[in-house]
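Enquirer: 3D, please:
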Amino acid sequence: ALRRAMLESLDQGAPILRSAARDEEDGEPAFVSRAHGDLLSAQGAMSAFTLPLTDADDQVIGAILLEHRDIDGIPAPVRDRARAIAALVGPILHQKRLNDRSWPMRALLWLGGLFAAVLGPARLGLKLIVLALAAAVYFFSTATTAFEVTADARLEGQVQRIISAPFDGYLVDQAVRPVDRVAEGAILAQLDDRDIRLQLLSTEAQLRQRLVEMNAAVAEGRRTDQALLDAQIAQVEAERDLLREQIARTVLRAPFAGVIVSGDRTQQLGAAVSRGEELFVVAPLDDYRLRLAVAEGDIAEIAPDQTGQVRFAARPDDTFGFTVNRIMSVAEVGQGLNRFAVEGAIAPDGDRQGVLLPGMEGVARIGVDERLLIRVWTQDALDWLRLALWRWIP
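Expert: Below is the predicted model:
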């Protein structure tokens, strides 16, 4: 009977006062109080007063019921004191009840309250936050983008020819400088040939002397001397041809049409050069290869025949396509990281031919495949986390 009387007050959300004599006393409004009447009949009480208990948010959490057996009923001061008590102990009892619950139950009730707040009529701000989170989850679970590997790039000639000093000598003239374009056979530099020409004059004089001696030996029939002079003449002719070849090689010429990559000795004219010393590097104008430095963590994503784009620091507004040809299997240390060399072929483009020069550096992007956007953004962090976990987890 007590429980039904309390539920009657909770259902109506208001205090209920029921007296054996009347349903309304001292200004208390009248509510449905049948359960209170049954309580009075069962207990023999003269009056009953039920107050709902509320928490700090004015949410009804229980009820307190007072019985009075005095025929005069529950006085108004007692009811006021009961209201004060209910207002004080309601939040305290509610908090104590919450603190006495287990952690799983707390989590379950918190989720239930969250769903109730989201699906209920209030909490517009919470609904907007949940809606934004749901939209973000949907977006990142469906949005894809092109996954690309970025690497430093350097342009090189497919074939680079080194022009070196043919013999020890002195540089007397230089006709070109780096970045100059040259045609096949164009003069690059001139070595001093005066000493060689003097040796050539001496050799030609020796040759004429041997020819005179040969004629005399033939006239006198000295066959032994003829054979000896014939060998000496052949030796002198070989020396003469060698000197003539050296004179021809004092003029350094371009082996093919191209561009001068390196070699500026305009401030060193007259300086001595040694045989085999590098003087110029010539690269063709229309045959290039792209050398990429791919980080160790990205090399597994690279495969031959992949395509990409590159931009050079000298021409940041122009994009050039290329195709991956070769992946080197040996790592190189650069910028504190292990990086693998990857070679690519620049796609031919007649409209921009001549704007590329060997030695240009820039940034290349190699297209791999299509992946989720969130995976592309977090791939580096996830790779680091996998290695860290593998290192420490037994």
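Enquirer: From the contact counts, what lies against the longest strand seen in the chain?
Expert: Counting by DSSP state E, the longest strand found in the chain is strand 315-334. The contact analysis (3 or more CB pairs under 8 Å, 6 or more residues apart in numbering; DSSP states H and E) places strand 315-334 against strand 288-295, strand 307-312, strand 337-346, strand 361-372. Glycine gets a C-beta too; all of them are placed from N, C-alpha and C.
Enquirer: and among those strands, the most buried is which?
Expert: Of all the helices and strands packed on strand 315-334, strand 288-295 carries the top mean neighbour count, a mean of 21, counting by mean count of other CB atoms under 10 Å.
Enquirer: by how many degrees do it and strand 307-312 diverge?
Expert: Here the directions of strand 288-295 and strand 307-312 differ by 100 degrees (axes from the mean of the first three to the mean of the last three CA atoms, to 10 degrees).
Enquirer: Sheet partners, orientation included, of strand 288-295?
Expert: Strand 288-295 has its sheet partners listed here by DSSP bridges as strand 144-157 (antiparallel), strand 337-346 (antiparallel).
Enquirer: can you pull out the helices in the protein?
Expert: With helices called from DSSP state H, the chain shows them at 2-12, 34-43, 76-99, 103-119, 124-142, 194-220, 223-249, 373-392.
Enquirer: Would you enumerate the residues in contact with residue 394?
Expert: By CB atoms under 8 Å, 6 or more residues apart in numbering, no residues touch residue 394.
Enquirer: excluding its backbone neighbours, what's nearest residue 191?
Expert: Nearest residue to residue 191, sequence neighbours excluded (CB to CB, 6 or more residues apart in numbering): residue 250, at 4.1 Å.
Enquirer: For that neighbour, what are phi and psi?
Expert: Note on residue 250: its backbone torsions stand at phi -70, psi -20 [degrees, to the nearest 10].
Enquirer: give me the number of residues near it?
Expert: Using other CB atoms under 10 Å, residue 250 has 20 neighbouring residues.
Enquirer: residues contacting it?
Expert: Residue 250 touches 166, 169, 190, 191, 192, 193, 196, counting by CB under 8 Å, 6+ apart.
Enquirer: so where's the stretch 251-394 of the chain shaky on pLDDT?
Expert: Along the stretch 251-394 of the chain, the parts satisfying pLDDT under 70 run over 286, 334-335, 348-354.
Enquirer: 90 instead?
Expert: 251-290, 295-302, 305, 313-321, 325-341, 345-360, 368-384, 386-394 (pLDDT under 90).
Enquirer: And for the stretch 1-150 of the chain?
Expert: Within the stretch 1-150 of the chain, the segments meeting pLDDT under 90 span 1, 9-49, 54-61, 67-80, 94-131, 134, 140-146.
Enquirer: let's see it at 70
Expert: Residue ranges of the stretch 1-150 of the chain with pLDDT under 70: 21-28.
Enquirer: nearest residue to residue 123 other than its sequence neighbours?
Expert: Per CB to CB, 6+ apart, closest to residue 123 is residue 117, 4.5 Å.
Enquirer: With residue 127 as the reference, measure out to the one you found.
Expert: 8 Å (CB to CB, to the nearest Å).
Enquirer: And residue 46, by the same measure?
Expert: From residue 46 to residue 127 the distance is 51 Å (CB to CB).
Enquirer: Compare neighbour counts for those two and give me the winner.
Expert: Neighbours were counted for residue 46 and for residue 127 using other CB under 10 Å; residue 46 has more, 18 against 15.
Enquirer: Residue 66 is in contact with the more buried one, correct?
Expert: No. Using CB atoms under 8 Å as the test, residue 46 is too far from residue 66 to be in contact (11.9 Å).
Enquirer: can you pull the contacts of residue 264?
Expert: 174, 177, 178.
Enquirer: Return the member of those residues nearest to residue 246.
Expert: Using CB to CB, the shortest approach to residue 246 within the contacts of residue 264 belongs to residue 174, at 19.3 Å.
Enquirer: Name whatever forms a beta bridge with the closest one.
Expert: residue 189.
Enquirer: likewise residue 170?
Expert: According to DSSP bridges, beta-bridge pairing links residue 170 with residue 272.
Enquirer: measure it to residue 128 for me?
Expert: Counting by CB to CB, the separation of residue 170 from residue 128 is 84 Å.
Enquirer: Likewise for residue 228?
Expert: Taken as CB to CB, the span from residue 228 to residue 128 is 113 Å.
Enquirer: Between the two, which has more neighbouring residues?
Expert: Between residue 228 and residue 128, residue 228 has the larger neighbour count (other CB under 10 Å), namely 15 against 10.
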